[in-house]
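Student: Sharing a model prediction with you, sequence too.
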Amino acid sequence: MAAGRREKLVFGLYRSFWAAADWVYPPACAGCGRPGARWCEACEAQTQLITGPVCPVCGLPARQESLCPRCRRRRPAFTALRSWARYSGPLREAVQRFKYRRDLGLAEPFAERLCRLYRSTGWAADLVTCVPLGRLRQRERGYNQAKELSYPFAAALGMPFAPQAITRFRETRSQVGLSAAERISNLEGAFRADSSLVSGKRVLVIDDVATTGATTHAAAQSLLAAGAVQVYALTLARAVRLADHSDPVSGQ
Ligand SMILES: [Zn+2]
Ligand SMILES: [Zn+2]
């Protein structure tokens, strides 16, 4: 079958599966709890999409389209990272459900948002992969939300998908509450990439949420070390903290 046809067929089946599931078990919105849709229009309308100027590298919302202080100080290993919307309000609620409460039906509407975002970037990736969980966390949770999101994404776009391209080489502590510098050192050497899958390729990495971009940076480092020529990244949500708009000199 022609390249991409099989993936698109798989995506058709995937959508039909969720349509049937909704018919059998009418869904409630993961953002607000109202019955009718897995992700409702009211929650979509309340979501703060990232459409204005951003740092061209890390995608952090900015007043103008120029490198942010953090990327100026230390250029990340990835070429560019973009996120669909801010990690707040109903989207935050929905992502939490997706991540911790097995609300896997959310992957379909959210993968669609990521497809739209990808098309708007003009990037040309050869391969889609995702940020892996550590083995311990994977075993506890039973699934990796980034993989659940990237599978229908790749299928809808007819792109090759290699979820095993990156493995988490060692367990890392949660990034929550860590500063940008602490996040980078916490992830130092955490990932390994498979050169037989990524060598010579432009790789697109998918994750659910980005904060400082430290995870994406570490994943990109492992991909480049394994011979990838370029790394792009998309996340559904972007946690934007006040400190992210800090003064570049004092770092406050
Ligand atoms: Zn809703
Ligand atoms: Zn930046």
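Tutor: Yep, it's here. Ligands and ions are numbered 1, 2, ... in the order given.
Student: contacts and neighbour counts: CA atoms only from here.
Tutor: Noted.
Student: residue nearest the centroid of the chain?
Tutor: Residue closest to the average C-alpha location in the chain (CA atoms, centre = their mean): D207, at 2.2 Å.
Student: Provide a list of residues in contact with that residue.
Tutor: C130, V131, Q145, A146, K147, L149, S150, A233, L234, T235, L236 (CA atoms under 8 Å, 6 or more residues apart in numbering).
Student: Go ahead and confirm Q145 touches D208.
Tutor: Yes - contact criterion CA atoms under 8 Å: Q145 and D208 qualify, at 7.0 Å.
Student: Tell me the backbone dihedrals of R75, please.
Tutor: The phi/psi pair for R75 (degrees, to the nearest 10) reads phi -70, psi 130.
Student: Just give the number of residues close to it.
Tutor: If you count neighbours by other CA atoms under 10 Å, R75 ends up with 15.
Student: can I assume V205 sits in a strand?
Tutor: Yes - according to DSSP: H, G, I helix; E, B strand; the rest coil, V205 belongs to a strand.
Student: how far away is it from R238?
Tutor: Per CA to CA, to the nearest Å, V205 is found 15 Å from R238.
Student: If the residue nearest to the centre of the chain is in a bridge, with which residues?
Tutor: T235 (DSSP bridges).
Student: Which secondary structure elements does the lengthiest helix in the chain sit against?
Tutor: Across the chain, the longest stretch assigned as helix under DSSP state H is helix 5-24. Where contact means 3 or more CA pairs under 8 Å, 6 or more residues apart in numbering; DSSP states H and E, helix 5-24 is packed against helix 145-157.
Student: what's downstream of the helix it packs on, the next helix or strand?
Tutor: strand 166-168 (DSSP states H and E).
Student: hey, where'd the strands end up in this protein?
Tutor: Secondary structure of the chain by DSSP state E: the strands cover 80-86, 127-130, 166-168, 191-193, 202-210, 230-238.
Student: Dump these into TSV; add distance to Y118 and mean pLDDT as well.
Tutor: Below are the strands of the chain laid out as TSV (distance: least, CA to CA, whole Å; pLDDT from 0 to 100):
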stretch	distance to Y118	mean pLDDT
strand 80-86	9	97
strand 127-130	11	98
strand 166-168	21	92
strand 191-193	23	94
strand 202-210	10	97
strand 230-238	8	98
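Student: can you tell which of those strands is closest to ligand 1?
Tutor: When the strands of the chain are compared by CA to the ion, strand 80-86 sits nearest ligand 1, at 15.4 Å.
Student: The closest one close to ligand 2?
Tutor: No - using CA under 5 Å from the ion, strand 80-86 stays clear of ligand 2, coming no nearer than 8.9 Å.
Student: Could you pick out the residues of the stretch 1-150 of the chain near ligand 2 for me?
Tutor: Residues of the stretch 1-150 of the chain lying close to ligand 2 (CA under 5 Å from the ion) are C55, C58, C68, C71.
Student: and which of the residues you listed is nearest ligand 1?
Tutor: Nearest to ligand 1 among these is C58, at 28.9 Å by CA to the ion.
Student: The residue lying closest to G31 once chain neighbours are set aside: neighbouring residues, count only.
Tutor: Leaving out its chain neighbours, the residue that sits closest to G31 by CA to CA, 6 or more residues apart in numbering is P90, at 4.3 Å. As a burial measure, P90 scores 23 neighbours (other CA under 10 Å).
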